[in-house]
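Novice: Structure of the sequence below:
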Amino acid sequence: MSVYRVADLEQKEDTALYRLTAPYRSLQKTDKSGRDSTFDGLNADQSADLAAKLARLARGPAASGKTDQEGQVLLSGLEPGMYLTVETDREGTAEKYEYFDPYLVSVPDYQDGKWILHVQSSPKTELTALRGSDKPSSSRKAAVQTGDSENPLPLLLMLAGSGLIAAAAGKLSRELEST
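Specialist: Below you'll find the predicted structure:
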């Protein structure tokens, strides 16, 4: 799994303002004042569409990792921003499954009036058979949700390449405390 930093984050009180980074600015939308509004008010389908477009432009991941036996990856030291999460390499049984669709994750996340430094995310997937395989594969059937505290399908998510993204508290927490 790899993550690509696709937007810078500017935090103002309880508001997150995202600006696409240089490699992705061809997809930028602006409001009447000229502010980057690419991520404003996206519903699940619009977010998935934007993630697919960003994935076509993605070069040089900010971080990468392989899932452990529980299907989790710990990525640390991520700068604040919007990240595109993409499944990359698979081994063993996972090779019989389709890749999960790319999706977006904010680091840090804002929940219940607080900035959350350690962000957890999982693709929401459903098993689908690959051609020529008796094993199912995964594909996105529902919106990605962050901050899930329950994972009712750990084996499915492991095989689909579920991810855990965690921002290191050191530099990130100092930046957050200064805002």
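Novice: Now the strand ranked longest in the chain: buried residues?
Specialist: Longest strand in the chain, counting residues (DSSP state E): strand 2-12. For strand 2-12, a neighbour-count test (16 or more other C-beta atoms under 10 Å) marks 2, 3, 4, 5, 6, 7, 9, 11 as buried. In this view, the C-beta of every residue, glycine as well, is placed from N, C-alpha and C.
Novice: Quick one: list the elements packing against whichever strand or helix holds residue 45.
Specialist: Element membership for residue 45 (DSSP states H and E) is helix 44-57. Using 3 or more C-beta pairs under 8 Å, 6 or more residues apart in numbering; DSSP states H and E as the contact test, the elements touching helix 44-57 are strand 81-86, strand 103-107.
Novice: Show me what the following helix or strand past the shortest one pairs with in its sheet, parallel or antiparallel.
Specialist: Yep, that's strand 103-107 we're talking about. Downstream of strand 103-107, the next assigned helix or strand under DSSP H and E is strand 109-111. Strand 109-111 has its sheet partners listed here by DSSP bridges as strand 114-116 (antiparallel).
Novice: Any stretches of the chain with poor pLDDT?
Specialist: Low-confidence segments of the chain (pLDDT under 70): 92-94, 124-179.
Novice: Which parts of it are helices?
Specialist: Remark: helices assigned in the chain by DSSP state H are 44-57, 154-160, 169-177.
Novice: Of all the residues in the longest one, which ones are buried?
Specialist: Which is helix 44-57. Buried residues in helix 44-57, counted by 16+ other C-beta under 10 Å: 48, 50, 51, 54, 55.
Novice: tell me which of those is nearest to residue 105?
Specialist: Of all those, the one with the least separation from residue 105 (C-beta to C-beta) is residue 51, at 9.7 Å.
Novice: who touches the closest one in this structure?
Specialist: Contacts for residue 51 were tallied using C-beta atoms under 8 Å, 6 or more residues apart in numbering; they are 84, 101, 102, 103, 104.
Novice: Relative to residue 107, how far out is it?
Specialist: Residue 51 is 15 Å from residue 107, where distance means C-beta to C-beta, to the nearest Å.
Novice: Most neighbours among the contacts of residue 51, which one is it?
Specialist: Within those, most neighbours by other C-beta atoms under 10 Å means residue 103, with 28 neighbours.
Novice: Would you confirm that it contacts residue 83?
Specialist: No: if you go by C-beta atoms under 8 Å, residue 103 and residue 83 don't touch, sitting 9.4 Å apart.
Novice: quick one, what contacts residue 85?
Specialist: 1, 2, 3, 102, 103, 104, 105, 121, 123, 163, 165.
Novice: Any chance of TSV for the residues you listed, columns distance to residue 68?
Specialist: TSV is the format used below for the contacts of residue 85 (distance: C-beta to C-beta, whole Å):
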residue	distance to residue 68
1	11
2	16
3	16
102	21
103	20
104	23
105	19
121	16
123	16
163	11
165	14
